[in-house]
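1. what shape does this take:
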Amino acid sequence: MGAVLLLLLSGPQHLDIAPFARPCCAADRHTLQTMFDFGHPAGPVRRADGVWVMGLQWTEERDIARIHVRFHPAARPVPPQVEYWSNHWPLPRPQSHTVEDRVDDPWQGTWRRARVEARCEGRLCGIAFLPLEPSENPNAKHLPGAPYRRTMKIRLLFPPGERPAADSVQVFSPSLAKRFELRLRLGSAKPQWEVYNGWIRSVRREGGDWLLEVEGADPQPPGSNDVTVVKVRLGGRAFSFAPADAERGPMYLPDFDAHVALVSDPTPLTTASVRKCHRIRERIAAEPEQSYER
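-> Predicted coordinates:
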């Protein structure tokens, strides 16, 4: 059994970021003014040259470590070629604070054929990236040997012929899956929940509090966009928070009179424990006027 398949069956659980992407990329260039082609069909799309394309696009750049393609039981698995969209990545090491980090977008860039190792067993094909080299990406000199690819969109290319019988695609980032157990105090409002880069595994009431079990992410490597965000809808209003912030202590949102904390945190969820401070707009008035000398 190859190294890729061993990764499938052992080791820590990594975050599958495919559910947070949209289908894309049958065409080489994105020409719409919107970030996404909201009318793009899901699943394999046949190009004019007969090649079948399955693409995924995210709102922001993501780090991709490996890909799993699961085929229909009656089909013969065929590992696809992998391409990723790239323009600036990898960036040079920062030299000063005079230039902001550049990020890629859906319009400017090039499809780069990734160097991968692919192995299939049964219905499953596992695809892992080989170390990054300049022959694949001219910017590789800034991050030689990287075992992942940072991109906004990827596409899998299947050979011409019958439509590939790919039932599902999972895209794993280097980020590890992480479980958060949260306590929210929201008053009498009945909330609705949404999660980005994660899933709600359970919701229950305990007294006047809501207890949430969220399967989220421990973002890796540094700079990863795999940050788990929970959105709480309360009627026509909503607020969002990162569960990882609760690890630094309870949070209080005065506009919603809402408390957020880890279940394991013994700090009482009362306004008496909230550190008194000024809001951002209140702090502006206390700042001196901007000037050339300043």
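2. helices along this protein, start to end?
-> Using DSSP state H, the helices assigned to the chain run over residues 3-9, 280-286.
3. these: lowest mean pLDDT?
-> Within the helices of the chain, the least confident segment by mean pLDDT turns out to be helix 3-9, at a mean of 44.
4. got a list of what Phe180 touches?
-> With contacts taken as CB atoms under 8 Å, 6 or more residues apart in numbering, Phe180 has the following neighbours: 212-216, 228, 243-244, 246, 262. Backbone N, C-alpha and C define where each C-beta goes, glycine included.
5. so what's it bridging to?
-> Val214 (DSSP bridges).
6. tell me how far it lies from Lys153.
-> Phe180 sits 29 Å away from Lys153, going by CB to CB, to the nearest Å.
7. next one: Val103
-> 13 Å.
8. more neighbours, these two?
-> Here Val103 and Lys153 are compared on neighbour count by other CB atoms under 10 Å; more neighbours surround Lys153, at 24 against 14.
9. what about the protein, any weak spots by pLDDT?
-> For the chain, residues meeting the criterion pLDDT under 70 lie at 1-12, 94-100, 272-274, 293-294.
10. for stretch 112-120, list the C-alpha coordinates in CSV.
-> What follows is stretch 112-120, C-alpha atoms only, in CSV (Å, rounded to 0.1, in the frame of the first residue of the first chain):
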residue,chain,number,x,y,z
ARG,A,112,-0.5,25.3,-13.2
ARG,A,113,-0.2,21.5,-13.6
ALA,A,114,0.6,20.1,-10.2
ARG,A,115,3.2,17.4,-9.6
VAL,A,116,1.3,14.8,-7.7
GLU,A,117,1.4,11.2,-6.5
ALA,A,118,-1.9,9.4,-7.1
ARG,A,119,-2.9,5.9,-6.0
CYS,A,120,-6.2,4.1,-6.3
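11. report the contact partners of the closest residue to Asn137 other than its chain neighbours.
-> Spatial nearest neighbour of Asn137, chain neighbours left out: Arg112 (5.5 Å); criterion: CB to CB, 6 or more residues apart in numbering. When contacts are counted by CB under 8 Å, 6+ apart, Arg112 is found next to 83-86, 136-137.
12. all the strands of the stretch 151-294 of the chain, residue numbers only.
-> Along the stretch 151-294 of the chain, the segments classed as strands by DSSP state E, counting those that start in this stretch run 166-185, 192-196, 199-206, 209-218, 229-234, 237-241, 251-253, 258-262.
13. of all those, which one is nearest Pro23?
-> Nearest to Pro23, of all the strands of the stretch 151-294 of the chain, is strand 166-185, at 10.3 Å by CB to CB.
14. between that closest one and strand 192-196, how many degrees?
-> Computed with axes from the mean of the first three to the mean of the last three CA atoms, to 10 degrees, the direction of strand 166-185 lies at 130 degrees from that of strand 192-196.
15. next, the angle strand 229-234 makes with strand 166-185.
-> Using the same axes, to 10 degrees, the direction of strand 166-185 lies 60 degrees away from that of strand 229-234.
16. quick one, phi/psi of the most centrally placed residue in the chain?
-> Most central in the chain under CA atoms, centre = their mean is Asp226, positioned 4.1 Å from the mean C-alpha point. Recorded main-chain torsions at Asp226 are phi -80, psi 50, according to degrees, to the nearest 10.
17. who's in contact with it?
-> With CB under 8 Å, 6+ apart as the criterion, the residues that contact Asp226 are 15, 17, 62-63, 173, 175, 197, 217, 219-220.
18. for stretch 74-82, which positions count as buried?
-> Residues 77-80, 82 are the ones in stretch 74-82 that count as buried (16 or more other CB atoms under 10 Å).
19. for stretch 23-37, same thing?
-> Within stretch 23-37, the residues that qualify as buried by neighbour count (16+ other CB under 10 Å) are 23-26, 30, 36-37.
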